[in-house]
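Peer 1: Structure, please.
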Amino acid sequence: MNHAERPIAITMGDPSGIGPEIIAKALRNRENNRRCFVVGDPLIMRHALAEIDATTRLNPVQDLQAAVFADGIVNLIASSSLDALPPVGTVNRVSGKAAYDAIARAIDLAETGTVAGIVTAPIHKEALAAAGIGHPGHTEILAERVGATRVAMMLANEDIRTVLVTIHCSLLEAIRRVDFDAELSAIRLAHQGGRALGIRAPRIAVAGLNPHAGERGLFGDEETTIIAPAIEAARREGIDASGPWPGDTVFMQARNGRFDVVVAQYHDQGLIPVKYLGLEKGVNITLGLPFVRTSPDHGTAFDIAGRGIADPSSLETAIDYAVRLATAAHEQE
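Peer 2: Below is the predicted model of the structure:
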C-alpha cells in the first residue's frame, strides 16, 4: 500500500460522550467508510454502530492487512478491551483511560507510516485526569509522545483560520507564556499550515495581546517588546506577517479576505470567533507534528450523549481536511 492509499485512523474519543455515535454516523457515508477505520474499543463501537445502523458490521482486525474496506463494514483496531459499557454523559475514569489508549495506539500507527493521518473524536479533560493522564488535551499528548518541541493548534472553517500561541492554560499563565520564541514559532507554524492547505503565500495577521493591541504602550507593552519583534523576525525569513492588530477586529478583516491566517495569543481569543461561526464546519488541525492530525471543533457533549441526536458534521469536515492534508503532503514528497 503506497502513501496515497493509506487510510485515516479515527480515534473513538471518550466513550461516555458523543464520539462513538458521531463516528458511526460519519462512517455511514460510503466514501468515509472506504478511506477510514476506527481505533478504539470493540464493545463500545459495536454498541454505537448497533444504535445507529444495525446492518453495519464491525470488523475487528489486528492489522490493516486483514481490513475489508467495503460498504456495511467498519474496520477497527482494538486499543482496549472493556467488559462493560461505561456510564454515558458523566466523567468516568474508565472512559478517560480508554480514550487515551486509543490516541496512543493511533499515534503508533501514524509514526510507523501505517496510516496517512489521524482524526480524533472528542475527549474530556476531567476524565483524562481521573485516569491519571497528566495532559489536558490532545495537543499536549501528541507533542509529548512524538517528542515535538513546537506544536500549535489551528482552528479552521470556511471563513477564517487561526493559530494559537498558547493553548490549554489559565489566562494568567498564557500571558506569562507569550514570549519571543513562542510568538515566532506560532507565526512560522501558521505559515506552514497555510501552505499545507494550498495557500502559496499565506498572509499572516498577528493579533495583539492587550486591548487595541496595547495602544502604543498605554495598555501594556507586550506588543512592542515581544510581538512586533517576532513579526519582524518572521518577515526577515520571508513570511508575510503583519501586526500586531487589535484582537477585536482582526478576525473580521480575515473573514473579509484581507488575511489568510490569524495568530491569536490565547485560547479564547482565537476559538470564540471560529466557534461563533458554527461548530458544524469547524476543524482543529495540529501543526508541527510529523503526521496529519485533525479533530472536530467541539467537545464530548455529555448533555446529549446516548440520545442519538449528535451532529457528525464537524467530524466529517475533520475527515475531509485530514484527507486533503495527507494528499498534499504526499504530493510534496
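Peer 1: Helices of the stretch 151-300 of the chain, residue ranges please.
Peer 2: Per DSSP state H, counting those that start in this stretch, the stretch 151-300 of the chain carries helices over the ranges 171-177, 180-196, 222, 228-236, 250-255, 267-276.
Peer 1: any chance of these in JSON lines, plus distance to Leu128 and mean pLDDT?
Peer 2: Glycine gets a C-beta too; all of them are placed from N, C-alpha and C. Output for the helices of the stretch 151-300 of the chain, formatted as JSON lines (distance: least, CB to CB, whole Å; pLDDT from 0 to 100):
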{"stretch": "helix 171-177", "distance to Leu128": "19", "mean pLDDT": "93"}
{"stretch": "helix 180-196", "distance to Leu128": "24", "mean pLDDT": "95"}
{"stretch": "helix 222", "distance to Leu128": "31", "mean pLDDT": "93"}
{"stretch": "helix 228-236", "distance to Leu128": "32", "mean pLDDT": "98"}
{"stretch": "helix 250-255", "distance to Leu128": "30", "mean pLDDT": "96"}
{"stretch": "helix 267-276", "distance to Leu128": "17", "mean pLDDT": "90"}
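Peer 1: Out of those helices, which is closest to Val165?
Peer 2: Among the helices of the stretch 151-300 of the chain, the nearest to Val165 by CB to CB is helix 180-196 (4.4 Å).
Peer 1: quick one: the nearest residue to Gly194 once chain neighbours are set aside and Gln192, what's the gap?
Peer 2: Excluding its sequence neighbours, the residue lying closest to Gly194 (CB to CB, 6 or more residues apart in numbering) is Pro202, at 2.8 Å. Computed as CB to CB, to the nearest Å, the Pro202 to Gln192 distance reads 9 Å.
Peer 1: Need the helices of the stretch 151-300 of the chain in a markdown table (columns: distance to His298 and mean neighbour count).
Peer 2: Shown next, in a markdown table, are those (distance: least, CB to CB, whole Å; neighbours: other CB atoms under 10 Å):
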| stretch | distance to His298 | mean neighbour count |
| --- | --- | --- |
| helix 171-177 | 22 | 14 |
| helix 180-196 | 20 | 22 |
| helix 222 | 31 | 21 |
| helix 228-236 | 31 | 17 |
| helix 250-255 | 19 | 19 |
| helix 267-276 | 8 | 19 |
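Peer 1: can I get those in CSV with distance to Val68?
Peer 2: CSV is the format used below for the helices of the stretch 151-300 of the chain (distance: least, CB to CB, whole Å):
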stretch, distance to Val68
helix 171-177, 47
helix 180-196, 31
helix 222, 55
helix 228-236, 48
helix 250-255, 43
helix 267-276, 37
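Peer 1: Which one of those helices lies nearest to Gln65?
Peer 2: helix 180-196 (29.6 Å).
Peer 1: could you pull out the strands for the stretch 101-250 of the chain?
Peer 2: Secondary structure of the stretch 101-250 of the chain (DSSP state E, counting those that start in this stretch): strands at 117-120, 152-156, 161-164, 203-207, 240-245.
Peer 1: which of those strands is buried the deepest?
Peer 2: Highest mean neighbour count among the strands of the stretch 101-250 of the chain (mean count of other CB atoms under 10 Å): strand 117-120, with a mean of 29.
Peer 1: Just the mean pLDDT for that strand, thanks.
Peer 2: Mean per-residue pLDDT for strand 117-120: 97.
Peer 1: got a list of contacts for that strand?
Peer 2: 8-11, 13, 36, 103, 106-107, 109-110, 138, 291-295, 315, 318-319, 322-323, 325-326 (CB atoms under 8 Å, 6 or more residues apart in numbering).
Peer 1: ok so, going back, can you add distance to Gly308 and give the strands of the stretch 101-250 of the chain back as CSV?
Peer 2: Shown next, in CSV, are the strands of the stretch 101-250 of the chain (distance: least, CB to CB, whole Å):
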stretch, distance to Gly308
strand 117-120, 21
strand 152-156, 27
strand 161-164, 32
strand 203-207, 39
strand 240-245, 43
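Peer 1: Between the ones you listed, which has the poorest mean confidence score?
Peer 2: For the strands of the stretch 101-250 of the chain, the bottom mean pLDDT is recorded on strand 152-156, which sits at a mean of 90.
Peer 1: Residue ranges in the protein under the pLDDT threshold?
Peer 2: Scanning the chain with the threshold set as pLDDT under 70 gives 1-4, 214, 279-280, 330-333.
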